[in-house]
Each structure stands twice: as structure tokens, then as C-alpha cells.
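*Asks:* Sharing a sequence plus its predicted fold:
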Amino acid sequence: MALLLTVVTLGAAAQQPRTITPRGPLAADELAQVELFRRLSPSVVHITTLGLQRDLFSRSVQQVPRGTGTGFVWDAAGHIVTNFHVIQGGSSATVTFADQTTVEAKLVGAFADRDLAVLKVELPRERLTPIPLGSSRDLLVGQRVYAIGNPFGLDQTLTTGIVSALNREIESFNERTIRGVIQTDAAINPGNSGGPLLDSAGRLIGVNTQIASPSGANAGIGFAIPADEVNRIVPRLIRSGRITRPALGISAANEQLERALRLPTGVALVQVAPDGPAARAGLQPFARNRDGSVAGGDVITAVQGEAVSTLDDLLTVLERYQSGDTLTLTVWRSGRTRQTSVRLTGE
């Protein structure tokens, strides 16, 4: 059966480009977003970590790309803040700015417990635009937020969303709990790690660090380390290269022992270092007598009036203090609760 085609010849007028409809001015919220990105994109950088690789035949060693992530300019001295897991395992790193300037960076310090790291680049101060710092203490669920990063290696990507929830808990890469985390639905994907989470005023309110996703890509649940925590840790990393947590000089019991002894919620002591802060404060560990019975020891239930349920809770509280500070511990022993003062020392 023959197929008949009818060819219609269009008029010359129909072949001309259509007239463009005038756009008119952008809406106020669009203008605000455009200005926010224009102003803050110079503060956001693309981080590439490098690793060493040995050639199988020549045995020569060369640097090869290991991973990528995002960071941002902290100050005019050239300090760059990012996630610890972005630089973990790398032998060196390079930082690429919005104008495509690429420079080598050196590691200043890192704190794996909070998944934060600080790098440093050598550039003139006028080439560096520190990101404005906000506060995470007064955030409200529902307020608008913005993320700038390099998802899947795509430089300078802006995504928007809201604060979905506050005070979430996530696990750091060394299995320590990070508390007070911001949850957002702003699109965050691999490569966004270490980038800034911003409020509508363009201030840093968090550092994007993780996503919850069965596929490994954005599912509308991202997490950011709160800016107040970042502002507590980063200056200490810049100053000394690491976070020195003050110590009590104790070892804690495991959950099985606590359950077996039916102890109250807290940190049960199984070892107290001689002449350490805890020993000088009169704290005693649980111990086994010669007849096999257990000699009663101490359980720390609160520090400065703040309840602690686990060793992780205790370590988190201690991070807020310095060696030499004196704290009040609430301690349980053999059914009785008391308060005792302890003077902290360095780790």
C-alpha cells in the first residue's frame, strides 16, 4: 500500500524567528538570590585532594587526584575551612577559586570528631573574600537557606531550600556523635561536602557535611555542622593545629557491665589514673575483689549540671573547656549521689 505524503510549503513569514516577549524586572526574591550568589561565590572554593601512586614498572611515584569537595574562605590570612573527610588520606591538596585561580594548599589542622579541617593558601589579602559569619543558635525551622558547592565536580552550584529540622545527631567518620546538626532540604550531593550553608542574609550558618540517601544522591535530607560549633573549633585549629580535649584521667565501663551491675544512667568508671584529676577528686573505679564480688565504684551522671549518659556525651561536654578549668561533677556511688569538684588537665 502506497503511503502518500503531502508536503506543505510554509510561507516566508512563518520561517522567521518569533518575537521575544519582554521579561520585565525579576521578582524581589530572585534579585536577592542573584545578588547573594554574586557576592558570595568568590568565597567558595573547589578542593581537589591528591594521593601518591607508584608506577608498577618504573617504580616512580606520582601524585594523582584522590577526591574532590568544597571549602570556603574563613579569613584574609588564607585559611580555608572544609570537611575532614574531604582531605582525609590525601598527601596534598589544591584549591580552585571562582575565577579559576588554582593554588596549592597546606593542612593547618583537623578535628575528625566534628568532621572539620582547615587548609591555608598563600594569596594576597585583596584576593581573598572571607565569608560572613552568622549564628546557628537562633535558627528557625522553615527559614530559607542556600548552599554553594561543587556537586559531582560541577563548580559554583547554588541550591536553595529551608531549615527542615534542628538539633539532629549524625555520626562522624570516626564514629563520634555530632550533635546540634542542621537538617536541610537544599540539594546537597557528593562534592558539596565542606561547602557553606547560608541564611538569606548571606551569612554562614553551617558547613554541609552529609546526606541521608539510599542512592547516594540528593534525597532532600542533608546535614550541616552548625556555625556556632564551627566558630568554636576553627580558631583552635588555626592556633594549635588540633583540638586538645581536657582529660579526667578515667576509663569507662562498657554497656554490658553497666547492665549487669544495674547501674544508673551515666559513665561508670573502671579505671582511674593515679594522680589524675579524677583520682585527686576522690573518684573510685569499679573493681573485682579477691572473692569475685564487685567493689562499688563511681558513676558520673552529670557535668556542670548537664546530664551525661555515655562516654561520648562526657567527651562532648569536656570539649567546651580548657585544661585548668574546674568543673562540678555529679557522681553516684552505692545508691548515693554527691557533687565533687575536679580540675582538668590536658590529654
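*Replies:* Alright, I've got the coordinates. From a predicted model like this one, the values you see are computed outputs, not experimental measurements. Numbering: from 1, shown residues only.
*Asks:* C-alpha only now, for contacts and for neighbours.
*Replies:* Noted.
*Asks:* Residue 269: what's it in contact with?
*Replies:* Residues near residue 269 by C-alpha atoms under 8 Å, 6 or more residues apart in numbering: 250, 251, 252, 253, 284, 285, 286, 297, 298, 299, 300.
*Asks:* of those residues, closest to residue 15?
*Replies:* The shortest separation between residue 15 and any of the contacts of residue 269 is 81.0 Å, and it belongs to residue 252 (by C-alpha to C-alpha).
*Asks:* How about the contacts made by the closest one?
*Replies:* Contacts for residue 252 (C-alpha under 8 Å, 6+ apart) come out as 267, 268, 269, 270, 271, 311.
*Asks:* Could you do residue 87 as well?
*Replies:* When the contact criterion is C-alpha under 8 Å, 6+ apart, the partners of residue 87 are 49, 67, 93, 117.
*Asks:* Let me know the pLDDT of it.
*Replies:* Residue 87 carries a pLDDT score of 91 in this model.
*Asks:* Ramachandran angles for it?
*Replies:* phi -100, psi 0 (degrees, to the nearest 10).
*Asks:* Over to residue 123?
*Replies:* Residue torsions, per degrees, to the nearest 10, at residue 123 are phi -140, psi 150.
*Asks:* Would you mind measuring from it to residue 231?
*Replies:* According to C-alpha to C-alpha, to the nearest Å, residue 123 and residue 231 sit 23 Å apart.
*Asks:* ok, these two, which is more surrounded?
*Replies:* Comparing residue 123 with residue 231 by neighbour count (other C-alpha atoms under 10 Å), the higher total belongs to residue 231, at 15 against 12.
*Asks:* Hmm, residue 279 is touching residue 251, no?
*Replies:* No. Counting by C-alpha atoms under 8 Å, residue 279 does not reach residue 251; the two are 11.9 Å apart.
*Asks:* These two - which one has more neighbours?
*Replies:* Summary of the neighbour comparison: residue 279 and residue 251, criterion other C-alpha under 10 Å, with residue 279 having more neighbours (18 against 15).
*Asks:* Who are the contact partners of the more buried one?
*Replies:* Residues counted as contacts of residue 279 (C-alpha under 8 Å, 6+ apart) are 249, 272, 273.
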